[in-house]
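Novice: Whatever this is, show me its structure:
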Amino acid sequence: MVQSLNVSGIVNAFRLLWNPSLAVPHLIVNDIRNIHFEQLKRQGGIQAMGFDKDNCLTAPYVPHIHPPFEKAWAVCKETFGPDKIVIVSNSAGTPDDKDHAEATKLQDALGVPVLRHEEKKPSGGAALARHLHPIPVDKIAFVGDRILTDVVFGNLNGNFTIWTRKIVTETGDNKAALILRRFEHGIIRLLQSLNVKPPSHPMDQDTSQYIKE
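Specialist: Next comes the predicted model:
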């Protein structure tokens, strides 16, 4: 499946000039194995999880969970329940996905819904809110490996954002993502040096408790 140009990502990138905090995640981990899902629910009050797919849960354009992540993925599903977890991809479930064939394949493989949505991240937050209604947006955590799409998406929507900074693999990834990801890591280093904080969220205090070593 070929992804179309993400116009939303280009347009929203300029918003960071006025509000750079949108690019700062509330929590940074290496990968999903470092997310303490039980603590997120028990102490943080998180009721639902949203995930990017490629290089967050799977290798690029691969429908099954990255094997080293299987245990963590099982814990996530056990903690929240499959109906409170949703994949938000910029390929599967979008108009690029003919008859939503990839979304259906991914749902079968991962055991959770794949959001059908018209707008690509970082736009399209209303579709996620509708899918998880009546759960409040600040009780949703959104996890992804990309700053300009995943983190900005979650922050725009009032979610608790988690950035997985170590990707699964660059093999098979699209060229634009390869280039932009390096740029995004530079953005994070710059914003951290300037002490830019993420948008205010009820779970701002002591986020280290949500990290599993």
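Novice: outside of the helix or strand that Ile162 is a member of, which residues touch it?
Specialist: In the assignment (DSSP states H and E), Ile162 maps to strand 160-164. For strand 160-164, the external contacting residues (C-beta atoms under 8 Å, 6 or more residues apart in numbering) are 25-32, 35, 40, 44, 46, 55-56, 138, 140-145, 147, 150-151, 154-155, 188, 198, 201, 203. Just so you know, the C-beta spots here come from the backbone N, C-alpha and C atoms, and that holds for glycine as well.
Novice: pLDDT averaged over it - what is it?
Specialist: Here the mean pLDDT over strand 160-164 is 98, rounded to a whole number.
Novice: got the residue ranges for the strands in this protein?
Specialist: Defined through DSSP state E, the strands belonging to the chain, from first to last, are 27-29, 48-51, 85-87, 140-144, 160-164.
Novice: possible to save the ones you listed as JSON lines with distance to Lys212 and mean neighbour count?
Specialist: Converted to JSON lines, these look like this (distance: least, C-beta to C-beta, whole Å; neighbours: other C-beta atoms under 10 Å):
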{"stretch": "strand 27-29", "distance to Lys212": "8", "mean neighbour count": "19"}
{"stretch": "strand 48-51", "distance to Lys212": "15", "mean neighbour count": "25"}
{"stretch": "strand 85-87", "distance to Lys212": "17", "mean neighbour count": "21"}
{"stretch": "strand 140-144", "distance to Lys212": "13", "mean neighbour count": "27"}
{"stretch": "strand 160-164", "distance to Lys212": "12", "mean neighbour count": "27"}
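Novice: So which of these is nearest Lys77?
Specialist: strand 85-87 (6.4 Å; C-beta to C-beta).
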